[in-house]
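>>> here is my input; please provide its structure:
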Amino acid sequence: VVTSDFKRFQRNFLLVYLLAMGADWLQGPHVYALYASYGYSVSDIRTLFVGGFGSSMIFGTFVGSLADRFGRKRSCKAFTVIYTLSCLTKHSSNFGVLFVGRVLGGIATSLLMSSFESWMIHEHKAAAFPEEWLSHTFSLMTFGNGL
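Got it, this is the predicted structure:
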């Protein structure tokens, strides 16, 4: 039987995590149409997307160790700032600004896919919750992502 402290911890984490994931999911399908509305060719749009995915590939290889070094909570906060900057660049039609935004988006995605989970696990262990309760939180994370 889980405790009320655990339920509060889980609810708070899932609220923040699913809002962050939801923001990423919501903007994704519309980015191509935005770039096309700015008059960019398929080739230009491809370049922008490769910039973002390439950025995530490169930064994703070491962002976890940075979270360990500078703090998981701080990495989650960095995600928020970097992701916000990435979204703000979409208000410009300038290719260079959009490319920087895609690079920032790739960094933010790497943080999103690693820092939140590691922060949750760290806090779970620090609160001395039983390890078997982790699977329930991960199940709710997966379920929430699928909605």
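>>> doesn't residue 124 make contact with residue 5?
No - Residue 5 is not in contact with residue 124 according to Cβ atoms under 8 Å; the separation is 11.3 Å. Yep, even glycine has a C-beta here, placed from its N, CA and C like the rest.
>>> can you tell me how far residue 63 sits from residue 37?
Distance, residue 63 to residue 37, by Cβ to Cβ, to the nearest Å: 31 Å.
>>> which of these two has more neighbours?
residue 63 (23 against 10; other Cβ atoms under 10 Å).
>>> report the separation between the more buried one and residue 117.
Counting by Cβ to Cβ - residue 63 and residue 117 are separated by 12 Å.
>>> over to residue 142?
From residue 142 across to residue 117, the span is 11 Å (Cβ to Cβ).
>>> out of the two, which sits in the busier spot?
Taking neighbours as other Cβ under 10 Å, residue 142 and residue 117 compare with residue 117 leading, 18 against 9.
>>> how about the more buried one, phi and psi?
phi -60, psi -40 (degrees, to the nearest 10).
>>> how close does it sit to residue 68?
Counting by Cβ to Cβ, the gap from residue 117 to residue 68 is 13 Å.
>>> need the residues touching each of the two.
Common contacts of residue 117 and residue 68 (Cβ atoms under 8 Å, 6 or more residues apart in numbering): none found.
>>> burial count for residue 99?
18.
>>> give me the number of residues near residue 26?
So residue 26, with other Cβ under 10 Å, has 9 neighbours.
>>> spatially central, which residue of the chain would that be?
Computing the C-alpha centroid of the chain and ranking residues by Cα atoms, centre = their mean puts residue 112 first, at 2.5 Å.
>>> so who does residue 93 touch?
With Cβ under 8 Å, 6+ apart, residue 93 has these contacts: 38, 39.
>>> now swap in the one 4 residues further on and tell me
With contacts defined as Cβ under 8 Å, 6+ apart, the neighbours of residue 97 are residue 89.
>>> contacts for the one helix or strand in the chain whose mean pLDDT sits lowest, please.
Every helix and strand in the chain was compared by mean pLDDT, DSSP states H and E; the lowest is helix 63-70, with a mean of 84. The contact list for helix 63-70, computed with Cβ under 8 Å, 6+ apart, reads 74, 75, 107, 110, 111, 114, 115, 118, 119.
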